[in-house]
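Visitor: What follows is a predicted protein model with its sequence.
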Amino acid sequence: MPLLLELNLGLASHMLPSPHMQVLGPPTHQSFLCARKTSYRERIHSSNTLVVFAFCYAAVLLFGSVRATAQTAAPTVINVGSTARWTGVKRLGINLGTQDFYDSDQLMQNLTFINPGFEGETWQSILHCAAVSGTSCTDDNQYAVWPASFFAGAQASFIYGAANGETATVTSSTAPSGGAGVTISFASLAKSPAVGDYVVVRMTVPGNAQSGWWTTASGGATFATDSTDLSPETPGKQALAIVASNAGQTATASSYFDSTQGRSFLQLQGTYTLSFRDNGVGGNNQVAINISRGTSQFL
């Protein structure tokens, strides 16, 4: 059943949670793969004006013991030479997926890891040059969906090949067409790229503080990005402003973890602490917190 975290503010309140909004718990021997269904949801609910930045995590530590038994065995001798003793060996590998919030790929201590601090986006990709000029690189992925000018203003760093070590700002980029991928261009490069070069393209995109959260608003309530009214202790650059100060207005920002139906991959046990920092801007400036799971309310 879902775990619900709800923060309610009094009329005309303004909220700036702490640099880390945290749910901390004691050590447990059963951190992963319990057999019963567990689904968690975290909700920040406002009936007022809020500015929110938070790092919300549950720290779950796994402790165990290992019993060692001394054994006597012949030493292993490894000879290193230039002749291969065994060729044509099948290479073993493992499929690694990305981290997520709903199954066995929940890898972070911060369970609401998607955007816990309500920060902007850092976007990055690696392009493989299939065609080049002295100041351009055409990616080999013809199926990319990036539109024209998507990369304009991005920072590029060549990490392999003839232009290795070169850095530059992308002046323009095209959309994929004619069986070729996107082409990124630069004003100048000291070393010309060659076919086969790899280049990292990186962009910082501010704003959209609610990205990574499931948001709902009614009665005219709004979400906005605030880059000025920040906590002096935050390492971040922006906060989430939730404006719901008028009668009948509500706004909700929710984040989920361990939400696979019928299966649980994380088990939370013991006592947990929730901490955050807020900034009131007027009115009652009251914050009500509700943590519940199904019909059970914990706070």
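Guide: Received, thanks.

Visitor: Neighbouring strands - and their directions - for the longest strand anywhere in the chain?
Guide: Ranked by number of residues, the top strand in the chain under DSSP state E is strand 121-133. Using DSSP bridges, the strands paired with strand 121-133 are strand 136-139 (antiparallel), strand 198-205 (antiparallel).

Visitor: How about residue 125: what's its closest non-neighbour residue?
Guide: Nearest non-adjacent residue to residue 125, counting by CB to CB, 6 or more residues apart in numbering: residue 201, 5.6 Å away. C-beta here means a position set from N, CA and C on the backbone, and glycine is covered the same way.

Visitor: so who does that neighbour touch?
Guide: With contact set as CB atoms under 8 Å, 6 or more residues apart in numbering, residue 201 has these partners: 124, 125, 126, 127, 151, 154, 155, 156, 170, 184.

Visitor: And the pLDDT for it?
Guide: For residue 201, the model assigns a pLDDT of 98.

Visitor: same thing with residue 32?
Guide: Residue 32 is assigned 31 on the pLDDT scale.

Visitor: Just the terminal-to-terminal distance for stretch 233-242.
Guide: Stretch 233-242 has an end-to-end distance of 20 Å (CA to CA, to the nearest Å).

Visitor: Mind listing what's buried along it?
Guide: 234, 236, 238, 239, 240, 241, 242 (16 or more other CB atoms under 10 Å).

Visitor: quick one: which of the residues you listed sit in strands?
Guide: 239, 240, 241, 242.

Visitor: I'd guessed the third one sits against residue 223; true?
Guide: Yes - in this structure residue 241 lies within contact range of residue 223 using CB atoms under 8 Å: 7.0 Å.

Visitor: For those two, list the residues in contact with both.
Guide: Common neighbours of residue 241 and residue 223 (criterion: CB under 8 Å, 6+ apart): residue 209.

Visitor: one step back: please convert the strands paired with strand 121-133 to TSV, extending it with distance to residue 277.
Guide: As requested, the strands paired with strand 121-133 are arranged in TSV below (distance: least, CB to CB, whole Å):
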stretch	distance to residue 277
strand 136-139	43
strand 198-205	25
